[in-house]
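> need coordinates for the following:
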Amino acid sequence: MSPDSLYGTFPLLSLLIWLPIIGGAATLGFGNARPNAARWFAVAIAAITLLLSILLFTNFEFANAGMQFVEDRIWLRAYDIHYHVGVDGISAALIGLTTFTSLLVLIGAWGSVENRVSQYYAAFLILEGLMVGVFAALDTMLFYVFFEGMLIPMFIIIGVWGGPRRVYASVKFFLYTFLGSLFMLVGLIYLYLKGGSWQLADMVALPLSMTEQTWLFFAFFIAFAVKVPMFPVHTWLPDAHVEAPTAGSVVLAAIMLKIGGYGFLRFNLPIVPDASAEWAWLVITLSVIAVIYVGLVALVQEDMKKLIAYSSISHMGFVTLGTFISLGLVREMGNTGAAQLGLQGAMVQMISHGFISGAMFSCVGVLYDRMHSRMIRDYGGVANVMPRFAAFMVLFAMANSGLPGTSGFVGEFMVILASFQKHPLLAFAAAFTLIIGAAYTLWLVKRVVWGDIGNAQVAELTDITAREAIVLGAFAAGVLLLGIWPKPLTDLMEPSIAQLASQIASSKL
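This next block holds a predicted model:
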């Protein structure tokens, strides 16, 4: 069945977007009196959404580089704004990550929240639908609405169910991301006034001078750099992670950070390719700083969540490095194959980081639910009383260190290999972070998992439950499957990546 014939049966992408949103609104109806009913209902909605995303992949035409499952209807006629959605291999992979992670988040949060349960689960369902909308939107104003809309449920999640400094963290998170996206809005309005269309494809085809491209490049760059987040606009992330509940940290790290990388691939590279090539050195420099400096900052953290948060910033540096190193490869060297390798490496790194960061924050959540502490010094010898948990945490730590055979190795290796063909010293500097990553991750595992039992509270810990094993086991399956057999993912993205590489090879001047 082709995507077109499937859409003729029912609008699959609209279901993926609106089923969680409507389901989230319905979850509110359970109120505070029926928390278990709210949990079961929300998990059922997330499970159905995941099944629908599987349907997306089983009917996806892998050889087709264009948009599939397209729906296009006029939304605001006066401004020619459309409800226009569709997916290619890049966005389909990220939608799959979103629906997979969202279900695991809701299962994992089952016993961790006792107050306002229905509102908590509703916020995550609505957030899931909005994130799918970001990855599916082909009208730039629709993209902006989803992009801004998803800030609201995450702001509420951190601000209501977060830690002691939750109000500060939620306001900082909102202001950073909201103010950054205003620059994007100005850029989109300029492109609309110049070309007369909000459609992403029309903006990609619009001829632009170098001056116009430069201004637009920085307008988009600011918005998406904050979202990644890149050095030096990364300071909101550790605060947000530390104060967010476990489920909020998982979604923030596994999915929301990827929207920044996705924005670079969708907006900066194809709309302003010449300015992107001109300023690629800046992004590459900031990426290498993030990879090395932020990794060193992670080494000295005493809070497990803050350590993993800084680790996320460091690993996301590989995404921006792979994305922008491709410009030099294709523009200066004419090496389209290496450029595609860098872009694919960036995408694989995004999916891999989604699995690993989600798993690491889930592990911290398991410990926090039992000990109500995130401080590394409060633990030690956890493997003695929680052997199954220790096995999972060590696996995820190895993946976070880039161990071959895990997903953490694949994306970083592809980016380093592509970088080596343009800047060998740069590739060496990026590879150096694998040592730093291993250092802070193994230092964490040594102090938390191994050794003698740290205190009496640790001695009383119980091993993971069946529900927790399901969540960690699913993440482990993703980490190992992508690490051992990445071909299905690379095959899914290859035509779209090849098309993007040809777009950035062509000048608009």
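> return the set of buried residues in the longest strand along the chain.
If you go by DSSP state E, the chain has its longest strand at strand 68-76. Going by neighbour count (16 or more other Cβ atoms under 10 Å), the buried part of strand 68-76 is Gln68, Phe69, Val70, Glu71, Trp75. C-beta coordinates here come from the backbone N, C-alpha and C atoms, glycine included.
> relative to Leu56, how far out is the fourth one?
What that stands for is Glu71. Taking Cβ to Cβ, to the nearest Å as the measure, Glu71 falls 13 Å from Leu56.
> need the residues touching each of those two.
Leu13 (Cβ atoms under 8 Å, 6 or more residues apart in numbering).
> by contact count, what packs against the longest strand of the chain?
In terms of contacts (3 or more Cβ pairs under 8 Å, 6 or more residues apart in numbering; DSSP states H and E), strand 68-76 is packed against helix 3-9, helix 12-27, strand 81-87.
> and the angle for the longest one with strand 81-87?
Okay, so that is helix 12-27. 110 degrees (axes from the mean of the first three to the mean of the last three Cα atoms, to 10 degrees).
> any idea which helix or strand comes after helix 12-27?
helix 35-58 (DSSP states H and E).
> how far off centre is that next one?
Distance of helix 35-58 from the chain centroid (Cα atoms, centre = their mean, to the nearest Å) equals 20 Å.
> where's Ser475, which helix or strand?
You called it Ser, but residue 475 is Phe. Element membership for Phe475 (DSSP H and E) is helix 466-484.
> list the buried ones in that helix?
Buried residues in helix 466-484, counted by 16+ other Cβ under 10 Å: Glu468, Val471, Leu472, Ala474, Phe475, Ala476, Gly478, Val479, Leu480, Leu482, Gly483.
> which one of these is nearest to Ala219?
Comparing these against Ala219 with Cβ to Cβ places Leu482 closest, at 33.7 Å.
> what's the separation between that closest one and Ala109?
For Leu482, the distance to Ala109 - Cβ to Cβ - is 24 Å.
> now for the closest residue to Ala439 other than its chain neighbours, how many residues are close by?
Computed as Cβ to Cβ, 6 or more residues apart in numbering, the closest residue to Ala439 that is not its neighbour in sequence is Leu299, at 6.1 Å. Other residues lying near Leu299 total 15 when counted by other Cβ atoms under 10 Å.
> Leu299 contacts Gly437, doesn't it?
No - contact status for Leu299 versus Gly437: not in contact, 9.9 Å apart, counting by Cβ atoms under 8 Å.
> and Ala339, what does it touch?
Ser326, Leu327, Leu329, Val330, Ala418, Ala501, Ile504, Ala505.
> confidence score at the fifth one?
On the pLDDT scale, Ala418 is placed at 88.
> buried stuff in stretch 362-371?
Using 16+ other Cβ under 10 Å as the burial criterion, the residues of stretch 362-371 that qualify are Ser362, Cys363, Val364, Gly365, Val366, Leu367, Tyr368, Arg370, Met371.
> how close does Phe135 get to Leu16?
Phe135 is 10 Å from Leu16, by Cβ to Cβ.
> hang on, the earlier thing: contacts for the helix holding Phe475?
Contacts of helix 466-484 (Cβ under 8 Å, 6+ apart): 100, 104, 107-108, 110-111, 348, 351-352, 355-356, 358-359, 362-363, 366, 388-389, 392, 395-396, 399, 404-410, 464, 489.
> try stretch 139-156
With Cβ under 8 Å, 6+ apart, stretch 139-156 has contacts from 75, 79, 81-85, 123-124, 126-127, 130-131, 133-134, 137, 170, 173-174, 177-178, 181, 184-185, 188, 191-192, 198-200, 203, 248, 251-252, 256, 259.
> which of these fall in helices?
123-124, 126-127, 130-131, 133-134, 170, 173-174, 177-178, 181, 184-185, 188, 191-192, 200, 203, 248, 251, 259 (DSSP state H).
> let's see the ChimeraX selection covering just the buried ones among these.
Selection command for ChimeraX covering only the buried members of the ones in helices among the contacts of stretch 139-156, criterion 16+ other Cβ under 10 Å:
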select :123,124,126,127,130,131,133,134,170,173,174,177,181,184,185,188,191,192,200,203,248,251,259
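> which residues of the stretch 251-400 of the chain fall in helices?
For the stretch 251-400 of the chain, the helices defined by DSSP state H, counting those that start in this stretch cover 258-263, 269-271, 273-278, 280-289, 295-299, 304-331, 336-371, 382-385, 387-400.
> residues contacting Gly248?
Neighbouring residues of Gly248 by Cβ under 8 Å, 6+ apart: Met154, Ile157, Ile158, Trp161, Gly162.
> at 10 Å what do you get?
105, 109, 120, 123-124, 127, 153-154, 156-158, 161-162, 166, 170, 240-241, 256, 361 (Cβ atoms under 10 Å, 6 or more residues apart in numbering).
> go on, Ser312?
Ser312 neighbours (Cβ under 10 Å, 6+ apart): 228-229, 234, 237-238, 241, 249, 252-254, 257, 294, 298, 353, 356-357, 360-361, 400.
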